[in-house]
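S.K.: pasting the sequence and the predicted model now:
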Amino acid sequence: MVILQISMSMFPKINELPLTYTLCLTILLTSVAGFYFKKVRQVLLLHPFEVFAKKKYYTLFTSAFIHRGWVHLLVNIYIFYGAARDVEYIILEERFPYKMIVLIYALLLLVSIILPNLIISAVKKTELAYTTLGFSGAVFGFLGFSLLYLPLDHPEKPYKVLPFLYYSYEFAWVLLLILILMPIVFKKSKTNHWVHILGFMIGLLVAMVIRPELVKELWRHFYN
């Protein structure tokens, strides 16, 4: 019974999370297609040189829907599902009508994918061999948003990985610091750490724009 209750809380009905379930399924299907069909991968892949030289601007978005391998894909879907579930089901439904939830969800999705890819493409546009792919921008965008939207949220118990943290905003700032250190510590890594950083920062900023009172809440929290 306990296992069933946990499962139901982690995986609400499809009609309660239509956006998140649809998006996760789309990512899964397009990524698997990219694994087995090189043409699909080549069409969707982000190649900064071609973005500017051949005006393949659509790849700033489509590259998010393919992955390097199964581990890359499943980790991204797992983290995204947890964060996007909060955005669609737990956080926004108590404050906005559903049409507004769809609008905010779509805005966060587009900005957290396209803007980091555009910045990185502008930096890497002269590197002919450089390519990038994956849903990480959106993953960290939704994660940053969900952590800061209700900054004084109390988890039922401290975070397992960082048990000294209690409020969600504490976890957000520590995670941001870790993300910033990653490209410094792992200079030779092929992982696109800057997409993680930019996506996360965009998520934090969108949370502040959508719910500006969170800044006041943090201010009162620190000074009272």
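M.R.: Done, it's in. Remember, predicted model here, so these are calculated numbers, not experimental data.
S.K.: all contacts plus neighbour counts: C-alpha atoms, from now on.
M.R.: Noted.
S.K.: what count of nearby residues applies to Ile210?
M.R.: By the measure other C-alpha atoms under 10 Å, the count of residues near Ile210 is 12.
S.K.: tell me the confidence at it?
M.R.: Ile210 carries a pLDDT value of 91.
S.K.: how far away is it from Leu115?
M.R.: 18 Å (C-alpha to C-alpha, to the nearest Å).
S.K.: show me what contacts the residue lying closest to Lys124 once chain neighbours are set aside?
M.R.: Spatial nearest neighbour of Lys124, chain neighbours left out: Pro48 (6.1 Å); criterion: C-alpha to C-alpha, 6 or more residues apart in numbering. Applying C-alpha atoms under 8 Å, 6 or more residues apart in numbering to Pro48 gives the contacts 120-122, 124-128, 130-131.
S.K.: in space, what's closest to the residue positioned nearest the centre of the chain - neighbours in sequence excluded?
M.R.: When the chain is reduced to its mean C-alpha position, the nearest residue by C-alpha atoms, centre = their mean turns out to be Val139, at 1.9 Å. Using C-alpha to C-alpha, 6+ apart and skipping the chain neighbours, the partner closest in space to Val139 is Phe80 (4.7 Å).
S.K.: just the element for the one you found, please.
M.R.: Following DSSP states H and E, one finds Phe80 within helix 70-85.
S.K.: distance from the chain centre to that helix, please.
M.R.: 9 Å (C-alpha atoms, centre = their mean, to the nearest Å).
S.K.: what's that helix in contact with?
M.R.: 17, 20, 24, 27-28, 31, 66-67, 134-136, 138-140, 142-143, 146.
S.K.: hmm, 6 Å instead?
M.R.: 67, 139, 142-143 (C-alpha atoms under 6 Å, 6 or more residues apart in numbering).
S.K.: what are the ranges of the helices in this structure?
M.R.: Secondary structure of the chain (DSSP state H): helices at 2-10, 18-36, 38-44, 48-53, 59-62, 70-85, 98-124, 136-149, 168-185, 193-210, 213-223.
S.K.: got those helices as CSV, with distance to Leu92 columns?
M.R.: Compiled in CSV, these are given as follows (distance: least, C-alpha to C-alpha, whole Å):
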stretch, distance to Leu92
helix 2-10, 17
helix 18-36, 13
helix 38-44, 31
helix 48-53, 35
helix 59-62, 24
helix 70-85, 10
helix 98-124, 6
helix 136-149, 9
helix 168-185, 16
helix 193-210, 10
helix 213-223, 14
